[in-house]
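J.: Sharing a model prediction with you, sequence too.
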Amino acid sequence: MRAAQDVLAEWDRLIERLPDKPSATGGGLVLTSDHGNIEDARSCTHTRNPAPLVLEGSVDRAAWDAVRAIADMSAAVQAALRC
């Protein structure tokens, strides 16, 4: 469990360095993650726990309304980028 806590601490440090206001430069930020099984490292399978989705700045939020699973992410990214 200590190794998992170390990884999470490193991600926390990375996220803290992200810009506070990506929209100040006209940019946007989409941050998501797979949800894995860090709460029970004995399991080698995925859980059904929710995965985080953070939207900041100039991001078309309507594109993300239909995201309910990882399989929905590709279409949402394309819509948000207007591809």
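T.: All right, it came through fine.

J.: With only the CA atoms kept, save the helix or strand containing Arg13 in CSV.
T.: Using DSSP states H and E, Arg13 maps to helix 2-16. The C-alpha trace of helix 2-16 is given here as CSV (Å, rounded to 0.1, in the frame of the first residue of the first chain):
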residue,chain,number,x,y,z
ARG,A,2,2.9,2.3,0.6
ALA,A,3,4.0,2.2,-3.0
ALA,A,4,0.4,3.2,-4.1
GLN,A,5,0.5,6.1,-1.6
ASP,A,6,3.8,7.3,-3.1
VAL,A,7,2.4,7.2,-6.6
LEU,A,8,-0.6,9.2,-5.5
ALA,A,9,1.6,11.7,-3.7
GLU,A,10,3.6,12.2,-6.9
TRP,A,11,0.4,12.8,-8.9
ASP,A,12,-0.7,15.4,-6.3
ARG,A,13,2.6,17.2,-6.8
LEU,A,14,2.2,17.2,-10.6
ILE,A,15,-1.4,18.5,-10.4
GLU,A,16,-0.4,21.3,-8.0
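
J.: How far away from the center of its chain is that helix?
T.: 14 Å (Cα atoms, centre = their mean, to the nearest Å).

J.: cool, and stretch 28-36?
T.: That offset, for stretch 28-36, works out to 1 Å (Cα atoms, centre = their mean).
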